[in-house]
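Colleague: below: sequence and its predicted model.
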There are 2 protein chains.
Amino acid sequence: MVQKPSIPKGTRDFGPLDMAQRNYIFDTIRSVYKAYGYEQIETPSMENLSTLLGKYGDEGDKLLFRILNSGEAFSKLNPEEYVENGAIDSSAVTKKVCEKGLRYDLTVPFARFVVQHQNEIAFPFRRYQIQPVWRADRPQKGRYREFYQCDADVIGSRSQINELELVQIVDTVFTKFGINVAIKINNRKLLTGFAEIAGFPDKVVDITVAIDKLDKIGIDAVKDEMREKGLTDQAIAVIEPILGLSGTTAEKIAQMRSLMGGHSVSGLVSETGLKGVDELEELFGFIEVAGIRQQVEIDLSLARGLNYYTGAIFEVKALDFQIGSICGGGRYDNLTGIFGLPDMSGVGISFGADRIYDVLKGLDKFPKSLESSTQLLFANMDSTVLPYIISVAGQLREAGVPCEVFPDSVKLKKQFDYADKKSIPFISIVGSDEKNANVVNIKNLYSGEQKQFERGDVQSMLDFLK
Amino acid sequence: MVQKPSIPKGTRDFGPLDMAQRNYIFDTIRSVYKAYGYEQIETPSMENLSTLLGKYGDEGDKLLFRILNSGEAFSKLNPEEYVENGAIDSSAVTKKVCEKGLRYDLTVPFARFVVQHQNEIAFPFRRYQIQPVWRADRPQKGRYREFYQCDADVIGSRSQINELELVQIVDTVFTKFGINVAIKINNRKLLTGFAEIAGFPDKVVDITVAIDKLDKIGIDAVKDEMREKGLTDQAIAVIEPILGLSGTTAEKIAQMRSLMGGHSVSGLVSETGLKGVDELEELFGFIEVAGIRQQVEIDLSLARGLNYYTGAIFEVKALDFQIGSICGGGRYDNLTGIFGLPDMSGVGISFGADRIYDVLKGLDKFPKSLESSTQLLFANMDSTVLPYIISVAGQLREAGVPCEVFPDSVKLKKQFDYADKKSIPFISIVGSDEKNANVVNIKNLYSGEQKQFERGDVQSMLDFLK
């Protein structure tokens, strides 16, 4: 019986052009990570569920893809234990028959890796990792069940040099892509500071969740939300002006320092907030000497990853294309604690490959060279000439030219169509006359220009094929 | 509660050196595939089980990793239907709760891809694919549950040019690796020919299975096995001399042609066998003009992939290292038929990355340069010098030198240990004297040689860092 082929919803096939464009993204990111001494690791696609469960919240646990134990997974189960009121107890059975799950992100496997291999690792450990992850999310436009993450983290150092280098990496990557971005930076300690100088140190999460919506809902709605969460008008009067702070980075930092050092209205000081100001100031001092080409700015309403970030928070937005964040990250202080290695501070970023693909596509910034991989097609007209063609093609490949010999001696029209479909820019049609004269004809299919070369004159062919 | 971290059995973590060495293998293979016009595709890790089941035999079906449907997979099951005699019917339940499985190889997904995207593809379609596959095999030394395959196939052409190019690819890849190999070639049609001229056309599988063991069990045991399978002494007397055929490739081909064209003992002719001789002769004619550097030979006992190969069969063995086949492949005539696209002939090869890794490791053939990724470490002694160092490091990265600034100002001993552990070959120790003099010191940690450079003299630094 013939099956109509299909793939699971939320997954994708990538054809040759997709792959060339995706490799361009991954290779660019990889080359920049390497320039900063980040080293690649890979972890297994499957992790033990004990490693994954409880790390992503209840919602995350539900989105894990679970792998059925191999063998007769259900045979050993006693139905009496797993059937209640005529229904199968799904979660009890699941626990029994699935011990492994697919990687949900790269962060938890990285933490597991660091703890498991701590004796082999040189700290501070700069690692990058580019691998797919899987989430049983409801598929929709731009959201897939299998997608790549491209993470870099350095763990085992508290220095702001690390934050700087991540900003430099982001700057270099997007400059190479030709995408203009704004790199927005905040610090979790400042957010704590807001709550402390407002007199509501226990409401830092509520305050930040509200502030995070500033872009979308506007200042009045943010204030309403803070009020609903129990903040007083005086507390809101402390916070509101901070969100409106303007001026240069230096001016913003000076104002924040003044506010955190003793607020004129509340009279409260935030030591944590001051620490955050110190960190931001040090980081921006480095940024100034490093010569960043993209726009870098303090954004006091930036609050992503609130649950685990403890210092710097990063987010990158494309300036000329409407899309969500295309890169983000931050500092965390206890990623490996859950696996038994406490007090390891780290900071990391993650590039959103699928969104970057959309931006490059939307802005038409993919290099045109990605559209063809083969440079030259040798047409196949006469089987007696094939040995000659095989030998010439071999010379050119040796010289670095990707080329193909059309394998079948079919109508020339069909061979031209093939070159066209694969966007091959040059064709060589060699018959017995050329073979006997020991020459090679090459035609540029875009310009129409045609030239004849001595068979041994590889250099002239290379010049023409450029 | 602290968990002791571990990974599922049969899976592996790859650290920085592993990754550098594995990338060297994949990048080398990829570059050669590209030189011959092969284009990369990727397919999803998960396929519908309807795509996978029945393609790998009963044993293969058992080795598929199945993914539990998301949501409450078991809730909708009626226990009465799935419980028999107090036991759960494992295979019935599995069918109900798992619709997806992990990729088992790259061949079936490739066939599915070709059929699904046939209208977008330029045929003959040359594709390569380097992705992990998963098998629920019992883990043992050298056998993993997750491992990479590196396949190239061309589909939609019957020309022996394709076989030639795969031999050229194999030749180039192993020559680049510095591994001496024997490329063994046979043709499935000759195996059919053996059976036909021996008078047992229906016993081709039995005959081939026996012949395949020649290396391991010797000719007498092979003859015993053929006898057990019902072959007569006369039939065996036809086959035995073929296995002993010696001489040059041309001589072997001539002898095969004579035997297939009318055997002196049996008097039988094999048209299929003669077709196989034609194919081998054409292929070896091409091989001769192509200038293959590795050893290439006809091996009439080569019988791998018997179930699906219909023409050429390839196998590659390392000559200087004891290990099984490190690359193999062959021609098949009906790979896509099961998905509704008949009569597509193709031929492909697959490199065994894990075994190639073992050979390169065993023969000490990995380039030494893979052992370090960072070229230069800037020590961190004095935080007031950091802005100067950041700027110098930026210049060098711009010039293509991967370098690191040690992020924390800790004891120099610790920073040297770090350089040592990461095999970083050069260190720069810059203090305020160097900063004030606008110079940079760089020391070669292997030779001990140290030099001082003007800050702007990047070219001299590059020369020293080579």
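Modeller: Great, that's in hand. This structure is a prediction, so every number in the text was calculated from the model and none was measured. Numbers count the residues shown, from 1 in each chain, chains lettered A, B, ... in the order given.
Colleague: and A:Gly90, how far is that from chain B?
Modeller: Residue A:90: Ser, not Gly. 4 Å (C-beta to the nearest C-beta, to the nearest Å). Bear in mind the C-beta positions are built from the backbone N, C-alpha and C, glycine included.
Colleague: that residue contacts B:Ala73, doesn't it?
Modeller: Yes. With contact defined as C-beta atoms under 8 Å, A:Ser90 counts as touching B:Ala73 (6.2 Å).
Colleague: quick one, which of those two is more surrounded?
Modeller: B:Ala73 (23 against 18; other C-beta atoms under 10 Å in any protein chain shown).
Colleague: and the closest residue in space to A:Val410 that isn't next to it in sequence, what does it touch?
Modeller: Distances taken as C-beta to C-beta, 6 or more residues apart in numbering or on different chains put A:Asn380 closest to A:Val410, at 7.5 Å, once the chain neighbours are dropped. Contact analysis of A:Asn380 by C-beta atoms under 8 Å, 6 or more residues apart in numbering or on different chains lists A:Leu386, A:Ile389, A:Val405, A:Phe406, A:Pro407, A:Asp408, A:Ser409, A:Val410, A:Gln415, B:Ser159, B:Ile161.
Colleague: residues near the residue in the stretch 151-300 of chain A positioned nearest to chain B, how many?
Modeller: The nearest approach of the stretch 151-300 of chain A to chain B comes at A:Ser159, 3.6 Å away (C-beta to the nearest C-beta). A:Ser159: 23 surrounding residues under other C-beta under 10 Å.
Colleague: for the residue nearest to A:Val410, give its distance to B:Ala35.
Modeller: 18 Å (C-beta to C-beta, to the nearest Å).
Colleague: next: A:Ser159.
Modeller: In terms of C-beta to C-beta, A:Ser159 sits 45 Å off from B:Ala35.
Colleague: hmm, the residue of the stretch 151-300 of chain A closest to chain B is touching B:Ile390, no?
Modeller: No. Using C-beta under 8 Å, A:Ser159 is not in contact with B:Ile390, being 11.9 Å away.
Colleague: quick check: A:Asn187 touching A:Ala303?
Modeller: No. Taking contacts as C-beta under 8 Å, A:Asn187 lies outside contact range of A:Ala303: 10.8 Å.
Colleague: common neighbours of the two, please.
Modeller: A:Ile313.
Colleague: these two: who's more crowded?
Modeller: Ranked by neighbour count (other C-beta under 10 Å), A:Asn187 and A:Ala303 place A:Asn187 first, with 29 against 22.
Colleague: now that one, nearest residue through space, not along the chain?
Modeller: Per C-beta to C-beta, 6+ apart, closest to A:Asn187 is A:Gly276, 4.1 Å.
Colleague: can I take it that that neighbour is in a helix?
Modeller: Yes. Counting by DSSP: H, G, I helix; E, B strand; the rest coil, one finds A:Gly276 located in a helix.
Colleague: so where is the stretch 201-350 of chain A shaky, pLDDT-wise?
Modeller: Applying pLDDT under 70 to the stretch 201-350 of chain A picks out residues A:305-306.
Colleague: quick one: the helices in it, in order.
Modeller: Along the stretch 201-350 of chain A, the stretches classed as helices by DSSP state H, counting those that start in this stretch are A:204-211, A:214-228, A:233-243, A:249-260, A:271-290.
Colleague: would you mind giving the ones you listed as a markdown table with mean neighbour count added?
Modeller: Below are the helices of the stretch 201-350 of chain A laid out as a markdown table (neighbours: other C-beta atoms under 10 Å in any protein chain shown):
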| stretch | mean neighbour count |
| --- | --- |
| helix A:204-211 | 20 |
| helix A:214-228 | 14 |
| helix A:233-243 | 16 |
| helix A:249-260 | 18 |
| helix A:271-290 | 20 |
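Colleague: and of these, who's closest to B:Pro342?
Modeller: Closest approach to B:Pro342 among the helices of the stretch 201-350 of chain A (C-beta to C-beta): helix A:214-228, 55.2 Å.
Colleague: can you give me the angle that closest one makes with helix A:204-211?
Modeller: 140 degrees (axes from the mean of the first three to the mean of the last three C-alpha atoms, to 10 degrees).
Colleague: so how far is helix A:214-228 from its chain's centroid?
Modeller: 31 Å (C-alpha atoms, centre = their mean, to the nearest Å).
Colleague: dump that helix to CSV, keeping only the CA atoms.
Modeller: Provided in CSV are the C-alpha atoms of helix A:214-228 (Å, rounded to 0.1, in the frame of the first residue of the first chain):
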residue,chain,number,x,y,z
LEU,A,214,5.3,49.3,29.5
ASP,A,215,5.9,49.1,25.7
LYS,A,216,2.7,47.3,25.1
ILE,A,217,0.2,48.9,27.5
GLY,A,218,1.6,52.4,28.3
ILE,A,219,2.5,54.0,31.6
ASP,A,220,-1.1,54.6,32.9
ALA,A,221,-2.0,50.9,32.6
VAL,A,222,1.3,50.0,34.3
LYS,A,223,0.5,52.3,37.2
ASP,A,224,-3.0,50.7,37.4
GLU,A,225,-1.5,47.3,37.6
MET,A,226,0.9,48.3,40.3
ARG,A,227,-2.0,49.8,42.3
GLU,A,228,-4.0,46.6,41.9
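Colleague: cool, thanks, signing off.
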